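Participant: my questions concern the predicted model and sequence given below.
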Amino acid sequence: MRVFFVSFLLFSVLARAETVDAIWSAGYVVTEDAQHQLIENGAVAVRAGRIVATGPRKTIEGRYQSAHHMDRPQAILIPGLINTHTHAAMSLLRGIADDLRLQDWLQNYIFPAEARNVTPEFVLWGTRLACLEMMLSGTTTFVDMYYYEDRVAEAAKEAGMRGVLGETMIGFPAPDAKTPQVALALTEAFLRRYRGDELVSPAIAPHALYTNSAEDLKAARALANRYNAPLLIHLSETRHENEECRAKHGVSPTRYLDSLGLWNGRTIAAHGVWLDAQDRAILKARGVGIAHCPSSNMKLASGIAPVTQMLAENMRVGLGTDGPAGSNNDFDLMEEMNLAADLQKVATGDPTAVNARQAVDMATILGARAIGMEKEIGSLEAGKRADMVMVRIDRPHAVPLYNVYSQLVYALKGSDVQDVMINGATVVADGTPARLNSAAILAKAREFQKSIAASLNRK
């Protein structure tokens with residue numbers, strides 16, 4: 001009789017439990033909600049691509065049931081990482097020109113290499129390679145600006161990744177558009193095609209102030225606003241860029257672009273290394289997101305962005321890797337968290353500058369805020385998209401653990417990522433991509449290496 005009663009009780013509890021698509025539980029859950037809740041022995045329930053609930057494991061398992069339960073007691077569950085600035089397809093140009101100044105690198109190596117090699121197929125396979133690298137190291141959303149952006153979108157959707165993808169507009173013949181006017185037409189078609197897509201947020205990406213005319217920049221802003229789409233641009237990356245703008249226009253790039261009305265709409269500006277207090281005030285007032293790229297800024301000796309001040313001023317600032325062809329060479333956002341914290345400490349002489357929790361914020365909820373998607377992603381909260389990452393903590397460099405945020409920023413690596421979910425779908429399971437064929441992608445990348453190397457030797 002007792003056995004029957006216990007069985008009946010268990011059946012009653014299960015009958016009352018809501019069915020969900022998946023439950024992921026871990027030793028620690030980093031929510032990144034407004035209270036920065038850190039839940040030990042926590043869990044997240046997912047249904048129809050969104051988070052249903054986050055809380056202690058016992059609570060979640062008592063309220064919900066699922067045939068798919070991922071339980072990692074030796075892991076930290078975090079929101080998906082958000083890479084706020086990339087040129088994904090440039091993965092195929094990784095390492096062709098290093099240890100150079102930005103203008104030399106761009107004008108004498110990258111632009112010529114792109115002119116000889118960038119095709120729709122190049123972009124498709126380069127983005128596949130980038131998506132493979134990004135998801136295996138915990139990135140679930142990336143912001144991209146490149147050519148043939150429809151192929152970037154194709155690769156991102158194939159991988160199951162979320163992307164804010166900007167078709168590049170530049171003031172000289174580009175691989176997919178010989179004029180800025182052609183680029184605008186391509187972009188409008190791209191905006192129409194992907195408007196309302198669950199994974200792809202289409203955007204327009206005028207490369208920079210110094211590569212576009214004032215008229216073209218205004219046209220790009222107008223097009224973005226017609227479709228309520230983001231505009232992506234490089235801003236104040238180098239001292240040279242700032243000095244050139246001041247010599248030509250009498251003001252900083254931020255103030256000149258403000259006079260053109262470029263900030264009047266959704267905008268993500270990459271780098272922001274040479275922003276002064278007035279520049280930052282303008283960008284904050286206009287709601288512009290800043291993509292801070294510490295690896296790139298260090299490698300190209302562009303300078304150190306005033307991130308400590310940006311955070312203190314409550315600006316919208318996230319983290320980016322930049323492109324992997326001389327300005328960084330990888331897509332590891334966990335590494336960027338570490339560098340973002342360490343670089344500010346050495347720049348300010350203050351070891352408390354940009355603490356570990358702030359670095360995690362920039363890679364998650366602040367990154368979401370920088371790209372205008374904080375209501376959808378960036379934290380593990382009910383109602384948000386189910387983008388989350390399991391990071392294992394059972395390796396020598398992860399033991400012992402006293403502070404979860406410190407461990408994430410100063411000890412753990414992108415290679416510690418074990419499982420990744422995007423929009424409710426598992427795209428990495430136990431370190432293995434679920435949708436992408438790694439062997440095929442790597443083999444194709446090696447084929448491109450041979451043809452690209454041969455093209456560089458041509459006069």
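Facilitator: Thanks, I have it.
Participant: hang on, residue 74 in a helix?
Facilitator: No: secondary structure of residue 74 (DSSP: H, G, I helix; E, B strand; the rest coil): strand, not part of a helix.
Participant: enumerate every residue touching it.
Facilitator: By CB atoms under 8 Å, 6 or more residues apart in numbering, the residues touching residue 74 are 27, 392, 393, 394. C-betas here are computed from N, CA, C, even on glycine.
Participant: can you point out the helix or strand that includes the residue nearest to residue 258 when sequence neighbours are not counted?
Facilitator: Nearest residue to residue 258, sequence neighbours excluded (CB to CB, 6 or more residues apart in numbering): residue 282, at 5.3 Å. When elements are assigned from DSSP states H and E, residue 282 belongs to helix 277-286.
Participant: point out where the protein drops to low pLDDT.
Facilitator: Within the chain, the ranges that satisfy pLDDT under 70 run 1-15, 458-459.
Participant: nearest residue to the residue most central in space within it in space, please, no chain neighbours.
Facilitator: Closest to where the C-alpha atoms of the chain average out (CA atoms, centre = their mean) is residue 83, at 1.4 Å. What sits nearest to residue 83 in space, not counting adjacent residues and going by CB to CB, 6+ apart, is residue 142, at 4.3 Å.
Participant: could you measure from that neighbour over to residue 107?
Facilitator: In this structure, residue 142 and residue 107 are separated by 26 Å, where distance is defined by CB to CB, to the nearest Å.
Participant: higher neighbour count, the two?
Facilitator: Under the neighbour definition other CB atoms under 10 Å, residue 142 and residue 107 were set side by side, and residue 142 has more, 29 against 11.
Participant: returning to that earlier point: so which elements touch the helix holding residue 282?
Facilitator: Taking 3 or more CB pairs under 8 Å, 6 or more residues apart in numbering; DSSP states H and E as contact, the helices and strands that helix 277-286 lies on are helix 253-259, helix 307-312.
Participant: and these, which is most packed in?
Facilitator: Ranked by average neighbour count under the criterion mean count of other CB atoms under 10 Å, these are headed by helix 253-259 at a mean of 21.
Participant: for the next helix or strand after it, which strands pair with it and how are they oriented?
Facilitator: On the C-terminal side of helix 253-259, the closest following helix or strand by DSSP H and E is strand 267-271. Listed by DSSP bridges, the sheet partners of strand 267-271 and their directions read strand 231-235 (parallel), strand 289-292 (parallel).
Participant: picking that back up, residues contacting the residue nearest to residue 83?
Facilitator: Under the contact definition (CB under 8 Å, 6+ apart), the residues listed for residue 142 are 82, 83, 86, 88, 130, 134, 156, 161, 162, 163, 164, 331.
Participant: which ones among those residues are found in helices?
Facilitator: Cross-referencing the contacts of residue 142 with the helices (criterion: DSSP state H) gives 130, 134, 156 as the overlap.
Participant: surely the residue nearest to residue 258 touches residue 263?
Facilitator: Yes: the criterion here is CB atoms under 8 Å, and residue 282 meets it with residue 263 at 7.0 Å.
Participant: in a strand, residue 97, correct?
Facilitator: No: Residue 97 is assigned coil when assessed by three-state DSSP, not a strand.
Participant: related to what we said a few turns ago, could the contacts of residue 74 be laid out in JSON lines, adding secondary structure and distance to residue 365?
Facilitator: What follows is those, written out as JSON lines (DSSP: H, G, I helix; E, B strand; the rest coil; distance: CB to CB, whole Å):
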{"residue": "27", "secondary structure": "strand", "distance to residue 365": "21"}
{"residue": "392", "secondary structure": "strand", "distance to residue 365": "23"}
{"residue": "393", "secondary structure": "coil", "distance to residue 365": "22"}
{"residue": "394", "secondary structure": "coil", "distance to residue 365": "27"}
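Participant: so which of those residues is the most crowded?
Facilitator: Each of the contacts of residue 74 was scored by neighbour count (other CB under 10 Å); the top score is that of residue 393, with 25 neighbours.
Participant: pretty sure that one sits against residue 400.
Facilitator: No: checked against CB under 8 Å, the pair residue 393 and residue 400 is beyond contact range at 9.8 Å.
Participant: which element, helix or strand, includes residue 325?
Facilitator: Per DSSP H and E, residue 325 falls between elements, in no helix or strand.
Participant: now it, nearest residue through space, not along the chain?
Facilitator: Residue nearest to residue 325 in three dimensions, not counting chain neighbours: residue 93, with 3.7 Å by CB to CB, 6+ apart.
Participant: any idea how far that neighbour lies from residue 453?
Facilitator: When residue 93 is compared with residue 453 (using CB to CB), they lie 11 Å apart.
Participant: tell me which of those two has more neighbours.
Facilitator: With other CB under 10 Å as the criterion, residue 93 and residue 453 differ in neighbour count, and residue 93 comes out ahead with 26 against 10.
Participant: quick check: phi and psi at the more buried one.
Facilitator: Torsion angles at residue 93 (phi, psi; degrees, to the nearest 10) stand at phi -110, psi 10.
Participant: contact partners for it?
Facilitator: With CB under 8 Å, 6+ apart as the criterion, the residues that contact residue 93 are 110, 113, 114, 117, 126, 323, 324, 325, 326, 452.
Participant: and with 10 Å instead?
Facilitator: Taking CB atoms under 10 Å, 6 or more residues apart in numbering as the definition of contact, the neighbours of residue 93 are 87, 109-110, 113-114, 117-118, 122, 126, 323-326, 329, 448-449, 452, 456.
Participant: now do residue 111
Facilitator: Residues in contact with residue 111, defined by CB under 10 Å, 6+ apart, are 105, 170, 172, 174, 211.
Participant: give me the buried entries from the residues you listed.
Facilitator: For the contacts of residue 111, burial is judged from neighbour counts taken by 16 or more other CB atoms under 10 Å, and it is met by 105, 170, 174, 211.
Participant: was I right about the third one contacting residue 182?
Facilitator: Translated: residue 174. Yes: taking contacts as CB atoms under 10 Å, residue 174 lies within contact range of residue 182: 8.8 Å.
Participant: check the offset of stretch 259-270 from the chain's centre.
Facilitator: Mean-position distance between stretch 259-270 and its chain equals 19 Å (CA atoms, centre = their mean, to the nearest Å).
Participant: quick check: phi and psi on the closest residue to residue 404 other than its chain neighbours?
Facilitator: For residue 404, ignoring the flanking residues on the chain, the nearest one in space by CB to CB, 6+ apart is residue 28 at 5.1 Å. The phi and psi values for residue 28, taken as degrees, to the nearest 10, are phi -140, psi 140.
Participant: just list whatever residues bridge to residue 28.
Facilitator: The residues listed as beta-bridge partners of residue 28 by DSSP bridges are residue 40, residue 76.
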